[in-house]
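*Asks:* With the input below, show me the fold.
(one chain, ligands or ions: 1)
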Amino acid sequence: MAEVVSIAAAAASLPWDVDAVRADFPALAQLVNGHPLVYLDNAATAQKPRAVLAALENYYQRDCGNIHRSVHQLGERATEAYERARRNAQAFLGAAEPREIVFTRGTTEAINLVAATYGAANLHAGDEILLTGMEHHSNIVPWQLLAERTGARVKVAGVNDRGEVEMAEFERQLSPRTKIAAFGHISNALGTVNPVAEWTARAHAAGAVVLVDGAQSAPHLPIQVGALGCDFFAFSGHKVFGPTGIGVLWGRAALLEAMPPYQGGGDMIASVSFERTTYNRIPYKFEAGTPHIAGAIGLGAALEYLQSLGMARAAAYEQELARYGAERLAALPGVRLIGQARERTAVFSLVIEGVHPHDVATVLDTEGIAVRAGHHCAQPIMDRFGVPATTRASLAFYNTRTEIDRLAEGLEKVRRVFQF
Ligand code: C6P
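*Replies:* Reported below is the predicted structural model:
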């Protein structure tokens, strides 16, 4: 055991070879509008390494069969690859068992699944659902739908001027009526890293079940669901360098077993008659119909790739980028950074007085720099900061300081164009 730890520690101390990492991502090596692409829209979706592209191609070229149904070779290979992807997700999250991994379409569907099954079965009029003021719409609307259905009430822990939810505020909004607490691990709009293990402990002490929206943390932090202590954890394949249309819901086996199914159809049943249907065991109970087989296999390849890079090393490199970027951008006249949390990742939400965020993004695009402009599907936190939208640069472990410099130069060009 000590040997394993020391090998891991040695790997963690190796320098981050960003050029070698970039070479794994063919999309990064292209010109856009005559400039080398600077891809800074990773919070929206991340680029895909060759390992993922190869896994997708291999499935469609060689192993294309349906899963859990076919005894022929192709079906068997597809089933094995799909279930291996589940084991990869288990390892990635440090989950106890593969059956705790449910494949979904993404974070959004994972949260909807929990709200519609666990939530509908366990919440009643007068119960409370605790969210924070920086949630993505995907971690707001499913709970509002649940509240409408059950008579439960949504409560919100407010955000301070730095873009943090203070522990006292979180505790103030908790009550013995809180049945579910659901919060993002990292804010997509601000980059704030939330103390989700501490929040989870407080929520559990109040008797609530906890869901962590890991859409923005799974690509950037090593995740161990046991250490977080939560009951459900959701993330999306496309943000962890895998395909779109696939994601993961991790849930404690005992909770998943007790929950009613989400959708009805093939694979989620044990037996069907017109009189009575019995359901399959977990996780299949929640995977009705032919799933996104290629997507799951591609996601499995992405997670293997991330494990081989080492998430702790990737996170340490990104912290450097976060520090450098915050300094470099804060020094630009007329540029205001929204969200100054003490714990944050390399997400920079910018506002330039008098220039629409879409115009900023359009000028940056002419320089080959891809960022996102808008409310980032997080309107409540935009309202909290009194802005309708921001221009957001979100980095990944394949970005560089030079690219941050290119962003800063691009913003200088915005200044020249709009004379702010
Ligand atoms: N945020 C962004 O540009 P899906 O769409 O299901 O893969 O992920 C939804 C989601 C849930 N929670 C958080 C914190 C998120 O950031 C997202 C997706 C993207 O910020 C697209 S809106």
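*Asks:* of all the residues in the stretch 101-250 of the chain, which ones are close to the ligand?
*Replies:* Contact residues, the stretch 101-250 of the chain versus the ligand (Cβ under 6 Å from any ligand atom): 106, 107, 108, 136, 138, 139, 184, 188, 213, 215, 216, 236. Every residue, glycine included, has its C-beta placed from N, CA and C.
*Asks:* hmm, which two among those are most spread apart?
*Replies:* Farthest pair in these (Cβ to Cβ) is 106 and 184. Separation: 14.4 Å.
*Asks:* okay, those two: which has more neighbours?
*Replies:* residue 184 (28 against 23; other Cβ atoms under 10 Å).
*Asks:* What residues does that one make contact with?
*Replies:* 132, 134, 135, 136, 139, 194, 212, 213, 215, 216, 217 (Cβ atoms under 8 Å, 6 or more residues apart in numbering).
*Asks:* hmm, try it at 6 Å
*Replies:* Contacts for residue 184 (Cβ atoms under 6 Å, 6 or more residues apart in numbering) come out as 135, 213.
*Asks:* do residue 146 as well
*Replies:* By Cβ under 6 Å, 6+ apart, residue 146 lies in contact with 115, 119.
*Asks:* And the one 10 residues further on, by the same measure?
*Replies:* Each residue near residue 156 by Cβ under 6 Å, 6+ apart is listed here: 131, 133.
*Asks:* which SSE is it in?
*Replies:* Element membership for residue 156, per DSSP states H and E: strand 153-157.
*Asks:* For that strand, buried residues please.
*Replies:* Within strand 153-157, the residues scored as buried using 16 or more other Cβ atoms under 10 Å are 154, 155, 156, 157.
*Asks:* Columns pLDDT on top of these, output as CSV?
*Replies:* Output for those, formatted as CSV (pLDDT from 0 to 100):
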residue, pLDDT
154, 98
155, 98
156, 98
157, 98
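*Asks:* ok, so of those, who is nearest residue 255?
*Replies:* Residue 255 lies nearest to residue 154 out of these, by Cβ to Cβ, at 21.0 Å.
*Asks:* Show me what from the stretch 251-400 of the chain comes close to the ligand.
*Replies:* 372, 376, 377.
*Asks:* so of the residues you listed, which ones are in strands?
*Replies:* Judged by DSSP state E, those include residue 372 as members of strands.
*Asks:* Please pick the buried ones from the residues of the stretch 251-400 of the chain next to the ligand.
*Replies:* Neighbour-count burial within those applies to 372, 376, 377; the criterion is 16+ other Cβ under 10 Å.
*Asks:* How about the second one, nearest residue that isn't a chain neighbour?
*Replies:* Pointing back at residue 376 there. Distance criterion Cβ to Cβ, 6 or more residues apart in numbering; nearest residue to residue 376, sequence neighbours excluded, is residue 189 at 4.5 Å.
*Asks:* Could you pull up the residues touching that neighbour?
*Replies:* 349, 376, 378, 381.
*Asks:* For it, which three-state class applies?
*Replies:* Three-state call for residue 189 (DSSP: H, G, I helix; E, B strand; the rest coil): coil.
*Asks:* picking that back up, after the strand holding residue 156, which helix or strand is next? Please name it.
*Replies:* Assigned by DSSP H and E, the successor of strand 153-157 is helix 167-173.
*Asks:* Just the CA trace of that following helix, in CSV.
*Replies:* Coordinates of each C-alpha in helix 167-173 appear next as CSV, following Å, rounded to 0.1, in the frame of the first residue of the first chain:
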residue,chain,number,x,y,z
MET,A,167,-21.4,28.5,6.0
ALA,A,168,-23.6,30.5,8.3
GLU,A,169,-25.9,31.3,5.5
PHE,A,170,-26.0,27.7,4.4
GLU,A,171,-26.9,26.6,7.9
ARG,A,172,-29.5,29.4,8.2
GLN,A,173,-31.4,28.0,5.3
